[in-house]
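**Student:** no FASTA, just this:
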């Protein structure tokens, strides 16, 4: 259990990295939304491996197929089944990890929890699982854009120790996709790319931070006290492989300030209640306040490295392991569509939950 | 909706700050756990206002009463209803905020979402709501300690710009409670207390960071892919008032490292699989690996300050507001039991979920 | 677990028969609904014991108190906590059942499941638990009536072997409450009352059937494929103590017919699509079709009888037990408000679920 | 929404009758259960159309494929994705129902609810949707049989007005499958088959009753107060197309008896607590008591008949419709595996829920 996300707009993902296919079922998408595979494929392509030498060279066309829930170009209100057939499966690459636990991977914990695991390519723990989420997220994103005008843009704002500025009010997907590292600051992007190249040659890896902006969310989304909007966003992104942290608005840095410096004062902007600053990150008391929602997600450096490391065998003996197989020196560019997808799933769910109870 | 937390060990909280009472219902606690009010009251006392001059002077004895689910000193396996009667209610203090939205509070978003709000003391948005969580968390904690030997200890590790070290392997509740600021490092605690005193006099406030350690969790808790243990912990603490960030293990700082420096190598410690380092924070692939789980939570400076601030009225006119009423210059000491409670609720839920499917 | 009902309009009940109190928390009620204790008390009074000599003489005033979620006479959109203090507790009546399992009661299964039980008055298995449901159902009913004009009327249509007609299109609460047996057919009611009197004198008991009509439900409520409206109604009423069966529309008797005789033909009634007959019971494919929804619920004869019966002790020895204590010779009149409450909870939940996704 | 069933052992079905495929995702199946397509296919074959002239002649091989969650012949503890490709699609058969609402079908209510529907073969309202449930149920059944020795056998006990006896303690699948009508009483079966033949020739249809026995369920399964075992069974079967009623144990007929005649007395059978009679149907207070659980499900006569009927068009004009297309004169034989599947899903879910909290 644990493979369903959402309360009303619900996604269930399935599939192992080297099984027959992976996919997702979206239940709760409202009817009459225009939808076709072409709405989903671009997001999958951004997540796919092999886009550039910065990421893993596994070749998967990641072609999505809609098997149900859409009729004559529009959603039916019934479950939308999405499937992506697995293609480039070379289980031979993974014989060694059948026998040995990769450091900072989940091989050991899966074995301990389930008494078994699919060792081929990490099975269910592979980032490949996120393809289903990205496909489902594309549907959520379309719903949000069509019905409420919501915009979702994420970008890479840190790679290793290299930091870039990202203006959450103005950043566009076009600017983000201008470089393969998906950082909209061209100078920083160049340095980041060089840094990734350098670790790739050394068989090492880098982590970083993704910043995400959610613009034009209607005031009122979010369900206190437990299902606060930021709580569900935090859960959503911390469920992504390799994520280690989440902060919204002023985040950890905001703890340096006093209340006087931190508070967001209100003012009237025409007939709209606005805040002069946005340290809250667009959410107050767990509910969207109409300002841009923005948050940051930390991703650790990729655990797979082409280096000898000490570890233990499945029979609990000390040993060493030297990484082989396709290797993703920096997951950050591919994490951008994953973060966007998870944010879209959260917002779509909260949009519907708010519809259900909003005062009339 | 949104007031229930957990899948099997489930907590529903209810109550407004200045209503008749607040409380929680715990459904899913296994039967035969020895339980009495005395198991819960100490945690509530740590959360209560008025413990020291560092926190708000609202006087609430916060006496919990168990109304159901316990018989002859042990749980029945039926819902446990917990109630705390509200005592020190002075709605007169709050007349001004009936008319004006307090900056960085949720008055505006509640009005926008629900078309109404209980303006007395913040109603449901008050930190008072967390008393129900802390009471429920005490039950979860007792279950975890009794059945699996799990220890949960949180402490204040940052106040404003003042940082303290906190050894997650060894910190004890006794050490934490030695000072009213709940920082186990005595020198840092002294400086933190002075800093809180200083802002209190100025009518200002401070934020900070709580670090939390979960020790002796069995290997295997956590339900990928969405209900990863860290994802549920993140949601749990981001649902607390004033929280702005969460990080587990190496967190945001870990993004500075390369994979080689970051990975946790495995080794055999007798018949136990251990990691030499613990940058993973005790969780791999969303599942506990048997090492200490630790995470950090950022809390913004308290929004209530005794200063004039610009804001708008409920009729959408620009105005100013000068805070009055009881004021909590630094929520951090009281946040410690809240974080512990939320962590306990997550672990108890995952413990039961794992019991349901673990291989036999 | 298992003490929460509903997906969006959610009710959690708590409390043992002879504990301090019983109650319910309603989460998900939309804001701005006018609500006071006076909206709830009449339904509780209909459920209460001691209304007539037909039912148990336990004296409980069953006075409900709203502890949260209502402010200035209207709902806040936050959880509504309802509490009823237990008054007439005579645990002395129950010493024998501490030692022996009552036939066709749940004493044995509770002990087997939980390893413990509250033997005072049946604890959680007592029909007393339903007071929380009836209180919550009154809120649901008010929401349904206020917002959608839905009417819910149940009545007793069978007691023992005595059957009464009940016209689901026209039956009113006033007609139902005209006699203490809650059967709107006066002649049948008289015979039923005499039958109950007769078994009461013999220390025996009777069962029967409650028929329930849901009128003016908007077309469209119901969530296929699993959460069909009739499926959730069936679950709702089968969760009531002593219920053994559910049928909607033509029910079991409809299996005697051929499709030709059974089908409901459509016709236009002005601009409204109607069916000429209503063997479907107002639901097609799990979705309300705008006709009156009606269903029947079977309740077994009360298990508590004042007769010697063979049974076993808690130590698993054969023995006999002679019922004492207050005895309810026929639960049917009190089941009427319970069935109405459960139907209201189902409809309120489906109303909100439909709001969330309906085409705009 | 509404396409997921279960709390821990969870099934999500997807797919329209004439779309590319239909399927189900099972999340929460414990790891290490031996599983292959061959465990599932036999149940699907029993549900499939075209088995005999008694049922619809649509030809679907209904070949199931496991796409995930199984590795080296055993379950992984991850989601199990099941897919059945649709083959015999003749949308041409359905042009008329694109324009007209079939009486006692869900065409109208789907249009009203969603503003759209897939009119090809009934889309999601087709009994074809149940193939996914039957496939998922086969996994649940295997889990129950392997781990707890539970046996599930359903049979046809009534067709039209013809009634057969079915001994729930002894009936076997072999006896059930001896005749195409799936009634284990050979004499009754013969009469039922003749009756179905007769209505088939007239273009008419019959309904009936399925009786289901669940044997060897451990004492303790069931989660009061709302998720009583019989409540979840009732919901499960009332979610099947064409079902109109559910009764457990003595059911509606039990309301004829007095408590004295109805109660099940306990006695010791060796060290086992047993009841002398089983009018409770194996469940007391919502919890299995160790006796055979048995229940009955009413199915209305198939709505599709080859007769002219009055109805309305999608543009809300009165019209007539004469059924064509493949026609299932009696759904009962195919309902047998559907009922078994739903019962298996309920029991597997409750088995895991009980594991989570049972006293140790």
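**Tutor:** Cool, got the structure. The structure displayed is predicted, hence computed values, not measured ones.

**Student:** Show me the shaky parts of the stretch 1-150 of chain A.
**Tutor:** Low-confidence segments of the stretch 1-150 of chain A, defined by pLDDT under 70: A:55-60, A:88-93.

**Student:** Can you give me the neighbour number for the residue of it found nearest chain C?
**Tutor:** Closest residue of the stretch 1-150 of chain A to chain C, Cβ to the nearest Cβ: residue A:30 (4.4 Å). Every C-beta, even on glycine, is put in place using the N, C-alpha and C of the backbone. Residues lying near residue A:30 (other Cβ atoms under 10 Å in any protein chain shown) number 23.

**Student:** Return the residues in contact with the closest residue to chain B within the stretch 51-200 of chain A.
**Tutor:** Per Cβ to the nearest Cβ, residue A:106 is where the stretch 51-200 of chain A lies closest to chain B, at 2.2 Å. Listed by Cβ atoms under 8 Å, 6 or more residues apart in numbering or on different chains, the contact partners of residue A:106 are A:122, A:125, B:224, B:284-287.

**Student:** so which of the residues you listed comes closest to residue C:172?
**Tutor:** Nearest to residue C:172 out of those is residue B:224 (Cβ to Cβ; 54.9 Å).

**Student:** nearest residue to the closest one other than its sequence neighbours?
**Tutor:** Of all residues not flanking residue B:224 in the chain, residue B:286 sits nearest, at 4.3 Å (Cβ to Cβ, 6 or more residues apart in numbering or on different chains).

**Student:** State the distance from the one you found to chain D.
**Tutor:** Distance of residue B:286 to chain D, computed by Cβ to the nearest Cβ, to the nearest Å: 12 Å.

**Student:** shouldn't that residue be in contact with residue B:232?
**Tutor:** No: with contact defined as Cβ atoms under 8 Å, residue B:286 does not reach residue B:232; the gap is 9.1 Å.

**Student:** one step back: is the residue of the stretch 1-150 of chain A closest to chain C part of a helix or strand, or is it coil?
**Tutor:** When classified by DSSP: H, G, I helix; E, B strand; the rest coil, residue A:30 comes out as coil.

**Student:** Could I get the pLDDT score of the nearest residue to it once chain neighbours are set aside?
**Tutor:** Leaving aside its chain neighbours, residue A:30 sits nearest to residue C:357 (4.4 Å; criterion: Cβ to Cβ, 6+ apart). Here, the pLDDT recorded for residue C:357 equals 94.

**Student:** Report how many residues lie close to residue C:357.
**Tutor:** 23.

**Student:** and what of residue A:95?
**Tutor:** The tally of other residues near residue A:95 (other Cβ under 10 Å) stands at 11.

**Student:** quick check: mean pLDDT across stretch A:175-190?
**Tutor:** Average pLDDT, stretch A:175-190: 97.

**Student:** Check what contacts it and list those residues.
**Tutor:** Contact with stretch A:175-190 is made by A:46, A:51-52, A:54, A:153-157, A:159, A:162-166, A:171-172, A:192-193, A:196, A:330, A:332-333, A:336, as judged by Cβ under 8 Å, 6+ apart.
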